[in-house]
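[1] give me coordinates for this.
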Amino acid sequence: MSAIVAHVPDMPLLPTSVGIGLMALAIVLTLILAPNASKARELRAEGGDHGQQRARMSLWSAIKAMDLMWKQWNRSRFAIVISFCIYDLCISGQATLSVPYAYRRFGWTSNEDGYFQAVAFFAEVLVMIAFLHYVHRAKNRWRSQLQSHEQEQEQEQEQQPRSSDPESAESEMTPALSTSSDCATSSDSARGWLRPWTARYPMEAWVAQVGFLTFAIAQHFDVLSTPSVRSLLTRTVPASLVGTLIATFSVTHSLAYILAPVVFNAVYATTVGIVDGAAYNMGAAMWAIALALSLAVQHKDLVARGPDTVVTKIETEKTTQEEVALNAAEWVEVVHA
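    Numbering: from 1, shown residues only. Next up, the predicted model:
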């Protein structure tokens, strides 16, 4: 997106159009399921006629094997997808509004802004360090679930433990570090920031102080979203869709941080001085929608992710397909008779 803006600066709608196109592509990928991926892995592991394997694993056979995901309990899966998209939009959109709203409402200076960013960065580092071990364990567990029980035992003996998670290490790199390094405040300015502002009501200023400080800490808890999203999504899709769905959410997460600031800042710019806080009310409404969608997820739609349960599910699907084909054949015979 930055390359598009740099090369075509006079077309501001082009990055948004490209983002919408990528979002549509991500939705299409989310709605596509390749149920025969496990069979392809079995063919790769087995020996035999390579020509027959190549014919079974051709691109056209894979395309013909694709099935729309809404044929299986689509409402719960769709609710999960939309709720996490709203989560990304709200987090990225509201984060861009916190500093300009504070500047206008309470007359912050660069010193207060630096103090705010320093506290936020410190909270993010603490959360990342505390949760790094669990992220690493979740990553290893997600990888091991895509393999059979025998292959998992062999790899546990050969695989060496890794020291860190690249996704969490990437989240550690944040521009707040540069902001906090050159905005060191004196003790007087810090005490001035902690004192209640002379607003209409002292309680209003105190609540705003505590609210912004809480938001600075809670905002950076999105470090936890990667393992939690992965854990929930891998429990709601078959094994053949895990990689596709995780990649799709990576794309939507990136697009949210491009499109959401544009939308939220546009609402803020049009309502500033007229309806103060309209952008935050919009974000609260979106959070309510995401909560309602998450509550709509049915427990019976959650798929167990153990290797044995995956194999059992595949065998059950094959048995069901055979029974359906047998019943259809009997029905055709009865009709012709």
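[2] run through the stretch 101-250 of the chain and note the low-pLDDT ranges.
    For the stretch 101-250 of the chain, the stretches with pLDDT under 70 are 101-248.
[3] if you set the cut-off to 50 instead, what comes out?
    In the predicted model, the stretch 101-250 of the chain carries pLDDT under 50 at residues 138, 142, 165-199.
[4] would you agree Cys249 is in contact with Phe84?
    Just to correct that, residue 249 is Phe rather than Cys. Yes. The pair Phe249 / Phe84 is scored as a contact, 6.5 Å apart, by C-beta atoms under 8 Å. Where you see a C-beta, it was placed from the backbone N, CA and C, and this is true even at glycine.
[5] now for the helix or strand hosting Tyr257, which elements pack on it?
    Per DSSP states H and E: Tyr257 is located in helix 242-271. Based on contacts counted as 3 or more C-beta pairs under 8 Å, 6 or more residues apart in numbering; DSSP states H and E, the elements that helix 242-271 packs against are helix 13-30, helix 74-106, helix 225-234, helix 278-295.
[6] confidence-wise, which of those helices is weakest overall?
    With a mean of 59, helix 225-234 has the lowest mean pLDDT of these.
[7] what's Pro261 in contact with, if anything?
    92-93, 96 (C-beta atoms under 8 Å, 6 or more residues apart in numbering).
[8] how far away is it from Leu14?
    Distance of Pro261 to Leu14, given as C-beta to C-beta, to the nearest Å: 17 Å.
[9] same question, Tyr268
    23 Å.
[10] for Ile289, same thing?
    Distance from Ile289 to Leu14, by C-beta to C-beta: 29 Å.
[11] wait, doesn't Tyr87 sit right on Leu291?
    No. Counting by C-beta under 8 Å, Leu291 is not a contact partner of Tyr87; they are 10.1 Å apart.
[12] the two - which one has more neighbours?
    Tyr87 (19 against 12; other C-beta atoms under 10 Å).
[13] the more surrounded of Tyr268 and Leu14?
    Applying other C-beta under 10 Å to Tyr268 and Leu14 shows that Tyr268 carries more neighbours, namely 21 against 15.
[14] skipping adjacent residues, who's closest to that one in space?
    Ala279 (4.3 Å; C-beta to C-beta, 6 or more residues apart in numbering).
[15] the one you found reaches Phe264, doesn't it?
    Yes. Using C-beta under 8 Å, Ala279 is in contact with Phe264, at 5.3 Å.
[16] which neighbours do those two share?
    What both Ala279 and Phe264 touch, as defined by C-beta under 8 Å, 6+ apart, is the set 93-94, 97.
[17] pick the one among those closest to Ala256.
    Gly93 (8.2 Å; C-beta to C-beta).
[18] right, and that closest one touches Gly283 too?
    Yes. Counting by C-beta under 8 Å, Gly93 touches Gly283, with 6.3 Å between them.
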